[in-house]
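J.: Predicted model follows, preceded by the sequence.
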Amino acid sequence: MVRFFKVGLIALFVAPLYAAYTYTVEVDCSLNSPQRGDGVHEAILEIIHHSKRFATALSQRDDRFNDILKWFFGVDVGNNDISHVFDVFQRIGDMLPEITEPTLNSLVRVHCDDQQRYKAKSDQFEDIPYPQDDATKTKTWVADIVNNCISLASDLGCRESSEVYAELLGSYREPHTRWLEVASRESSLNPDRTTLDICKRTFDSGLPFTFRQIAKKELDNPDFRAADIDSLIGLVILHELTHVPKLSEQTFRVGGQPKAETGGSEDYHGPEQLVGYYTHNTYDKTLAEHLENKIEYTMMNADSYAYALGLFILYGKQWVPSRDTDGTIKFTKDTNVPLEGDWPGAEPLETAKRSIVHSPASWPKAHL
C-alpha cells in the first residue's frame, strides 16, 4: 500500500517495495493477425508508459487533473485517498515484459487466438466435443492447458459473444482451479497468473490500437467526446489490466473499518449493483457521482481508470476536457497548455524503439 508522508505542505508518495509484475504477449498475436499483431505490443507499451506518467503527476499533486479525477474517482489530488489511484497506475507503470520464463512467471499472458486453446473436458478431465448449444455451454468446463486455467464455456467472451473485444480470465476461479491442477498434475505456474484475450473481432474492426495512431489528428470535430476514445484498444487493455488482482487490490476504510478489495472486481458495485461502465446512461452525472462517490466503488472500477488515463494523455496533446451542458465531456484546444507525452513536437515515447509504429488506422465516421 502506498503511504503519505507529509513534509510541511508537501505530501510525498512512497511506492511499495515489490518486484515489477511481468507480462507476455504470446506469438499467436502475430500469427493470427500478422498485419496488426505488433499493435498489441505497441498498445501495452504505451499504456505502461502513460500510466507511469500519470502516477508521477499524482505523486506531485498536479492539480491540473483535478477535474478528471473528480469525474471518475470522486476525489482530487488534495485528498489522501488519491493514493489508491496512484498505487494502481504505479503498478501498471512498472510492468515489464517477461524475458526469462514467460510460461512460468508472467502475471499477465496476452493471447490473440480467439480462445481456441480452450478444450472441453469431462469430470475425469478427458477431452470431449466442444458444446454447441447454449444450455450445455453453461455447465461444461473448458481448460486452457497452456496457462493451466479453467472456465465455463459460456464465459468465453471472445468465442461466445459478439460484443466482447477483450476478456480477462484467471487461475483464481475456485473451487474448480484445484480440480484442474490435480487433473493435470500440480501447477508450477505463477499462482496469480491471468490471461488477457484480445478477440479476433478487435483485429477485424479496423479500430485504432493506440494514441500514437491519432498523433496527427486535429481537434476539428466539435462533436468529439470522451466516450469516442472507447475504440482505442490500448484503453480496452488498460480496462482489463485494472481487473488483475495483483495490479488493483486495495484496502479501504469504510464505516471506520478496513475493507479489502482483492482486485478483479466485476463492473457491478455493492448491494446497489451500480454499473460502472461510462456510457450515455451516466452522462447526467459524472461516473463518480453515478457510483455515489464511494471510493471503494470508483477506485475499483475499470472504466474509471481507462477514461481518466485517456483524458490525461489527451491533455498532453493540448486537448483540455470540460463538461458540456448535456453532461458529456468535450475538448477544447489550448495551445497555452504544454505539449507533453507522445505527440509531434513533444518528448518521444521512451519505449518506442522497441516496437513497430504503424500508420494511423481509418477511424469510423462517428470518431472523426
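T.: Happy to help now that I have it.

J.: and residue 331, that's in a strand?
T.: Yes: in this structure, residue 331 lies within a strand as judged by DSSP: H, G, I helix; E, B strand; the rest coil.

J.: Look up how far residue 45 lies from it.
T.: Look at residue 331 and residue 45: by C-beta to C-beta, to the nearest Å, they are 25 Å apart. C-beta coordinates here come from the backbone N, C-alpha and C atoms, glycine included.

J.: For residue 270, which non-adjacent residue is closest in space?
T.: residue 297 (6.2 Å; C-beta to C-beta, 6 or more residues apart in numbering).

J.: Run a quick neighbour tally on that neighbour.
T.: 25 (other C-beta atoms under 10 Å).

J.: Then residue 140?
T.: Around residue 140 there are 17 residues (other C-beta under 10 Å).

J.: do residue 229 as well
T.: Using other C-beta under 10 Å, the number of residues around residue 229 comes to 22.

J.: got a list of what the nearest residue to it once chain neighbours are set aside touches?
T.: Once flanking residues are discounted, residue 229 sits nearest to residue 310: 4.7 Å by C-beta to C-beta, 6+ apart. By C-beta atoms under 8 Å, 6 or more residues apart in numbering, the residues touching residue 310 are 211, 226, 229, 232, 235.

J.: Those residues: which two are farthest apart?
T.: Checked with C-beta to C-beta, the contacts of residue 310 reach their widest spread between 211 and 226, with 13.5 Å between them.

J.: ok, these two, which is more surrounded?
T.: Under the neighbour definition other C-beta under 10 Å, residue 211 and residue 226 were set side by side, and residue 211 has more, 26 against 21.

J.: Quick check: which element contains the closest residue to the more buried one other than its chain neighbours?
T.: Nearest non-adjacent residue to residue 211, counting by C-beta to C-beta, 6+ apart: residue 313, 5.4 Å away. Assigned by DSSP states H and E, residue 313 belongs to helix 302-315.

J.: angle of that helix against strand 329-333?
T.: With axes from the mean of the first three to the mean of the last three C-alpha atoms, to 10 degrees as the basis, helix 302-315 and strand 329-333 are set at 10 degrees to each other.

J.: What are the buried residues along helix 302-315?
T.: Across helix 302-315, burial judged by 16 or more other C-beta atoms under 10 Å covers 302-315.

J.: Check stretch 140-156 too.
T.: Across stretch 140-156, burial judged by 16+ other C-beta under 10 Å covers 140-144, 146-156.

J.: Rounded mean pLDDT for it, please.
T.: Averaged across stretch 140-156, pLDDT comes to 87.

J.: list the contacts for residue 319?
T.: Residue 319 neighbours (C-beta under 8 Å, 6+ apart): 219, 331-333.

J.: switch to 10 Å and redo it
T.: Applying C-beta atoms under 10 Å, 6 or more residues apart in numbering, we find residue 319 in contact with 217-219, 224, 311, 313, 330-334, 337.

J.: Next: residue 155.
T.: Residue 155 touches 115, 118, 137-138, 142, 161, 167, 169, 173, counting by C-beta under 10 Å, 6+ apart.

J.: Quickly note the distance from it to residue 238.
T.: To residue 238, residue 155 is 22 Å away according to C-beta to C-beta.

J.: try residue 325
T.: Using C-beta to C-beta, residue 325 is found at 29 Å from residue 238.

J.: the more surrounded of the two?
T.: A side-by-side neighbour count of residue 325 and residue 238, using other C-beta under 10 Å, places residue 238 first with 27 against 6.

J.: Go ahead and list the helix or strand containing that one.
T.: For residue 238, the host element (DSSP H and E) is helix 233-241.

J.: helices or strands next to whatever helix or strand comes next after that helix in the packing?
T.: Counting by DSSP H and E, the element after helix 233-241 in chain order, helix or strand, is helix 245-248. The contact analysis (3 or more C-beta pairs under 10 Å, 6 or more residues apart in numbering; DSSP states H and E) places helix 245-248 against helix 82-93, strand 194-198, helix 302-315.

J.: quick check: mean pLDDT across helix 245-248?
T.: Predicted confidence along helix 245-248 averages 91 (mean pLDDT).
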